[in-house]
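Enquirer: take this sequence and fold it.
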Amino acid sequence: MSSWKEPKRKHALKYQSVLARDGLIIHLSGPFPGTRHDAFIFKQSGLLDMAEAYLSCGEKHFVIYGDPAYAQNNHIVAPFKGVVLSDDEKEFNKRMSSVRVIVEWGFGKIARYWAFVDFHKNQKLLLQRVGKMYTVGGLLTNVHTCCYGSQTP
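Expert: A predicted model of the protein is given here:
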């Protein structure tokens, strides 16, 4: 799988992840070509099916706060879109933006702890299992989080 990202002039892969409140990566899907839209990745990942199967537990109902590209439903909550938003919608988007940052921190932890997954000069996209290496980096990040905790709020 190859995808050329013009602005940075390098091949790019994208991943989708869901982080639990304690910092554990509970879903990691990919790689996808860097040119793919987030909505396509969401659909291909099967995350919605998993959410429908596992996010209701008796009387408790959990949701995933997702990217603006994700369609809202009973299990996925996304920021309000549009130029004209009510004050409540703006406040909701502002408060929840910090939640989305945590997912970016999760990607950063993988790259920080396991630098080989972020060393682009050494990666051979069609000759190595770059996606598997990243997934293993995600798994090892979870081990690290279990052993040492997480700084995510």
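Enquirer: pLDDT below threshold where in this protein?
Expert: 1-11, 119-129, 152-153 (pLDDT under 70).
Enquirer: mind listing what residue 151 touches?
Expert: residue 23 (CB atoms under 8 Å, 6 or more residues apart in numbering). (Each C-beta comes from the backbone N, C-alpha and C, glycine too.)
Enquirer: wait, is it part of a helix?
Expert: No: Residue 151: not assigned to a helix; according to DSSP: H, G, I helix; E, B strand; the rest coil it is coil.
Enquirer: how close does it get to residue 142?
Expert: Distance of residue 151 to residue 142, computed by CB to CB, to the nearest Å: 15 Å.
Enquirer: same check on residue 72?
Expert: In terms of CB to CB, residue 72 sits 28 Å off from residue 142.
Enquirer: neighbour count for the two, which is higher?
Expert: Neighbour count, other CB atoms under 10 Å: between residue 72 and residue 142, residue 142 has more, with 20 against 14.
Enquirer: quick one, phi psi at that one?
Expert: When quoted as degrees, to the nearest 10, the phi and psi of residue 142 stand at phi -60, psi -40.
Enquirer: what's the answer for residue 15, then?
Expert: According to degrees, to the nearest 10, residue 15 has phi -130, psi 160.
Enquirer: need the longest helix for the chain.
Expert: helix 87-113 (DSSP state H).
Enquirer: show me what that helix is packed up against.
Expert: strand 13-19, strand 64-65, helix 130-148 (3 or more CB pairs under 8 Å, 6 or more residues apart in numbering; DSSP states H and E).
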